[in-house]
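Colleague: got a sequence here, can you model it:
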Amino acid sequence: MISWSVIYRRFLPQIERCHEYGEQYLTYEEKKTDANIACHILNDAYQDRFDCCYVVSGDSDRVPPLEMVGEYHMDKVIIVAHPPKRKSTELCQVANGRFSIRRQRLKDSQLPEGIQSKVLPQTK
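Modeller: Sure, this is the predicted structure:
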């Protein structure tokens, strides 16, 4: 059985200053995402929720949890799918398999602007 769930990220608002003109603007900093992904991968391996895990990333911050899965759950298969021109050699080395996601495949896989929900309307 294939299952998945959405894990919402947290963004912290912060004020930045333009280096060229000195103007301030509002931006958002992503928080807890790396730790959240690591915790879910490790917990899912421990709970035996997967045989094969696809990690879509080119970020070497994913290496430690994947190393732990490989060390303590040797029956689990880890596949790394990295975005175009974002390959992490270290990340690929801890995986059982790897491939690059083509740019056109990313374009073809974008969600629509609006998504219907039984609870709340969602937008990208």
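Colleague: is P65 located within a strand, as I assumed?
Modeller: No - membership of P65 in a strand is not supported by DSSP: H, G, I helix; E, B strand; the rest coil, which gives helix.
Colleague: so what touches stretch 13-28?
Modeller: Here stretch 13-28 makes contact (C-beta atoms under 8 Å, 6 or more residues apart in numbering) with F11, L12, E29. In this view, the C-beta of every residue, glycine as well, is placed from N, C-alpha and C.
Colleague: one more: stretch 91-100?
Modeller: By C-beta under 8 Å, 6+ apart, the surrounding residues in contact with stretch 91-100 are 55, 57-60, 62-63, 66-67, 70, 77-84, 87.
Colleague: so which of those residues are in helices?
Modeller: Per DSSP state H, helices hold the following members of those: V63, L66, E67, G70.
Colleague: and the residue nearest to G70 when sequence neighbours are not counted, how many residues sit next to it?
Modeller: Take G70 and drop its neighbours on the chain: the residue closest to it by C-beta to C-beta, 6 or more residues apart in numbering is V94, 6.2 Å away. For V94, the number of neighbouring residues by other C-beta atoms under 10 Å comes to 22.
Colleague: cool, and M68?
Modeller: Per other C-beta under 10 Å, the neighbour tally for M68 reads 16.
Colleague: right, and it touches L42 too?
Modeller: Yes - if you go by C-beta atoms under 8 Å, M68 and L42 touch, sitting 6.1 Å apart.
Colleague: by mean pLDDT, flag the weakest helix or strand of the protein.
Modeller: Within the chain, confidence by mean pLDDT, DSSP states H and E is lowest for strand 122-123 among all helices and strands, at a mean of 54.
Colleague: buried ones among the contacts of stretch 91-100?
Modeller: Among the contacts of stretch 91-100, the ones that count as buried by 16 or more other C-beta atoms under 10 Å are V55, S57, G58, R62, V63, L66, G70, V77, I78, V80, A81, H82.
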